[in-house]
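# Output the structure for:
(one chain, ligands or ions: 1)
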Amino acid sequence: MSATVEFARMNGLGNKILVVDMRGRPDKVTPAAAVALNADPQTEFDQIMAVHDPKAEGTDAFIDILNSDGSKAQACGNGTRCVVQALAAETGRKAFTFQTVAGILYAVEHDDGTISVDMGKPVFEWNRIPLAEEFHDTSRIELQLGPIDNPVLHSPSAMSMGNPHAIFWVDKDVMSYDLARFGPLLENHPMFPERANITLAQVTSPTSLTTRTWERGAGLTLACGSAACSAAVSAARTGRTGRKVTINVASAKPSATLSIEWRERDDHVIMTGPAEWEWSGRLDPSTGLWSRDGTQEVEAQ
Ligand SMILES: N[C@@H](CCC[C@H](N)C(=O)O)C(=O)O
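This is a model prediction of the structure:
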């Protein structure tokens, strides 16, 4: 078995993704390799999407998702679109079925190059998000940041989109908040026993939202697909918007949008947006040593 595998450096709205081809081999991308790859400015990433041979009948691949701190994630919307684009380019196919630890995902590449992923059903039960405290209604939980009589942020909507999310509703520009400072406090708040992805969301019309996310295990990112889905669902659930919205991901460069529909007929959340290939190379999934296609050198870490 070769020590190295192919990988592609890609992005979904600026969310930095490494798609690693682990098909045909039993090993995994190790947390140590993830941390080493993220330490190098050329390969730093938000998520690794490790594409493995399928484990379940009727699926095309099993996807293992790692955050840049080496921890595992159960869902990654932007990364899933990147995997679709990579496999569509390789096979000429348009539709794929993937398995992750959170379940089965269906995805399709459209003729205009955008990709839709069926992210499954949202989960609202407090112990399945999970939260540390029982809440009958998780659309507005008791949690606040700042002075008790004048909190900076309060009463987020909590849910799971396969992974845990807290959505804080704000009236001001989401970029005006110091998310880099309080993101870590909220991600690791005792309310979230498995930590959480923290999103600021501003409703800009009955059909649009602007979001900015501090990701569990990855920090401030330019975009987060599962957070966009969670913001859309939470906005509809709390009567702020309808079930079909455009998400303007404030920090994405250039500013770009995702379309999210929380389908009435089956409760599934459908996310549609772009994916972009940047460059390809090879890496060692146990150490993170890597080389870029067209060069012979293995980069030192
Ligand atoms: N960027 C992703 C979400 C990544 C997973 C997250 N950090 C977690 O640990 O749950 C997306 O596009 O959904």
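# Contacts only, for the most centrally placed residue in the chain.
What sits nearest the mean C-alpha location of the chain, by Cα atoms, centre = their mean, is Cys76, with 3.2 Å. Cys76 is in contact with 17, 47, 49, 65, 225-226, counting by Cβ atoms under 8 Å, 6 or more residues apart in numbering. C-beta: built from backbone N, CA, C; applies to glycine.
# got it, and Gly24?
Counting by Cβ under 8 Å, 6+ apart, Gly24 has contacts Asp53.
# In terms of helix, strand or coil, where does it fall?
coil (DSSP: H, G, I helix; E, B strand; the rest coil).
# and the gap between it and the ligand?
26 Å (Cβ to the nearest ligand atom, to the nearest Å).
# Check His189 too.
Taking Cβ to the nearest ligand atom, one finds His189 at 15 Å from the ligand.
# what about the closest residue to Lys94 other than its chain neighbours, neighbour count?
Spatially, and ignoring its direct neighbours in sequence, Lys94 is nearest to Glu109 (5.0 Å; Cβ to Cβ, 6 or more residues apart in numbering). When neighbours are counted by other Cβ atoms under 10 Å, Glu109 registers 20.
# give the contact list for Glu109.
Applying Cβ under 8 Å, 6+ apart, we find Glu109 in contact with 84-85, 88, 94-95, 115.
# what's the most distant pair in these?
For the contacts of Glu109, the maximum inter-member distance is 13.0 Å, found between Gln85 and Ala95 (Cβ to Cβ).
# more neighbours, these two?
Gln85 (23 against 12).
# now that one, nearest residue through space, not along the chain?
Ala275 (4.1 Å).
# ok so, going back, give me the subset of the contacts of Glu109 that lies in strands.
Within the contacts of Glu109, residues falling in strands by DSSP state E are 95, 115.
# Now the phi/psi pair for the nearest residue to Arg212 once chain neighbours are set aside, please.
Spatially, and ignoring its direct neighbours in sequence, Arg212 is nearest to Val174 (4.1 Å; Cβ to Cβ, 6+ apart). Taking degrees, to the nearest 10, you get phi -60, psi -20 for the backbone angles of Val174.
# Now the terminal residues of stretch 233-245, how far apart.
Counting by Cα to Cα, to the nearest Å, you get 9 Å between the two ends of stretch 233-245.
# scratch that, stretch 202-213
End-to-end distance of stretch 202-213: 12 Å, with Cα to Cα as the criterion.
# swap in stretch 7-19?
Stretch 7-19: ends 5 Å apart by Cα to Cα.
# What average pLDDT does it get?
Averaged across stretch 7-19, the pLDDT comes to 97.
# where does the stretch 1-150 of the chain dip in pLDDT?
By pLDDT under 70, the stretch 1-150 of the chain has no low-scoring segment.
# try 80 this time
Residue ranges of the stretch 1-150 of the chain with pLDDT under 80: 1-2.
# Do you have the helices of it handy? List them.
31-39, 77-91 (DSSP state H, counting those that start in this stretch).
# List the buried residues for the longest one?
In other words, helix 77-91. Neighbour-count burial for helix 77-91, with 16 or more other Cβ atoms under 10 Å as criterion, is recorded at 77-88.
# now the contacts of Glu109 in JSON lines, with distance to the ligand?
Conversion of the contacts of Glu109 to JSON lines gives the following (distance: Cβ to the nearest ligand atom, whole Å):
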{"residue": "Val84", "distance to the ligand": "13"}
{"residue": "Gln85", "distance to the ligand": "14"}
{"residue": "Ala88", "distance to the ligand": "18"}
{"residue": "Lys94", "distance to the ligand": "21"}
{"residue": "Ala95", "distance to the ligand": "20"}
{"residue": "Ile115", "distance to the ligand": "12"}
